[in-house]
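[1] Sharing a model that was predicted from the sequence below.
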Amino acid sequence: MSRAKGDIAESKACNYLLENGYQVVERNFYSRFGEIDIIAFKDDVLHFVEVKSALDYELAVQNITPLKLRKLLKTGDTYLKKNGVKSAYMYDAIIVTPTSIDMIENITF
């Protein structure tokens, strides 16, 4: 996927989060382990959000690989330590297709 398409999907995901009561804290947080697309806060919980887009839901979900999850977890740990975060947190995914936007919470279970 091109960076431009990824940016569009991330913008749609941010709008989705804002419309659903989340406060977007940061976008595109990088560490030496990888990147977190969106970091958001809602109801005293910090959400590390991976955005995936494709022509259909199944294709997008399949792109959340075990390697991607490991990188996401390590990058999340880096963010927590760097910022001294003490609140609860979780890892989520937002799936963007041409016809829908869906959120999957707690993708690490």
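    Now that the structure is in, tell me what you want to look at.
[2] Which helix or strand contains residue 73?
    Residue 73 belongs to helix 66-83 when elements are defined using DSSP states H and E.
[3] Run through who's touching that helix.
    With contact meaning CB atoms under 8 Å, 6 or more residues apart in numbering, helix 66-83 is reached by 29-36, 39, 48, 50, 85, 89, 91, 107-108. C-betas here are computed from N, CA, C, even on glycine.
[4] Repeat the analysis, applying 10 Å as the threshold.
    For helix 66-83, the external contacting residues (CB atoms under 10 Å, 6 or more residues apart in numbering) are 25-26, 29-37, 39, 46, 48-50, 52, 64-65, 85-87, 89-91, 93, 107-108.
[5] Spatially nearest residue to the residue most central in space within the chain, not counting backbone neighbours?
    Closest residue to the average C-alpha location of the chain: residue 49 at 1.6 Å, with CA atoms, centre = their mean. Using CB to CB, 6 or more residues apart in numbering and skipping the chain neighbours, the partner closest in space to residue 49 is residue 38 (4.1 Å).
[6] same deal with residue 16?
    In this structure, residue 16 finds its nearest non-sequential neighbour in residue 101, 4.9 Å apart by CB to CB, 6+ apart.
[7] Next up, the contacts around the one you found.
    Residue 101 neighbours (CB under 10 Å, 6+ apart): 9, 12-13, 15-17, 19, 51, 53, 94-95.
[8] if you set the cut-off to 7 Å instead, what comes out?
    Residue 101 sits next to 12-13, 16, 94 when contact means CB atoms under 7 Å, 6 or more residues apart in numbering.
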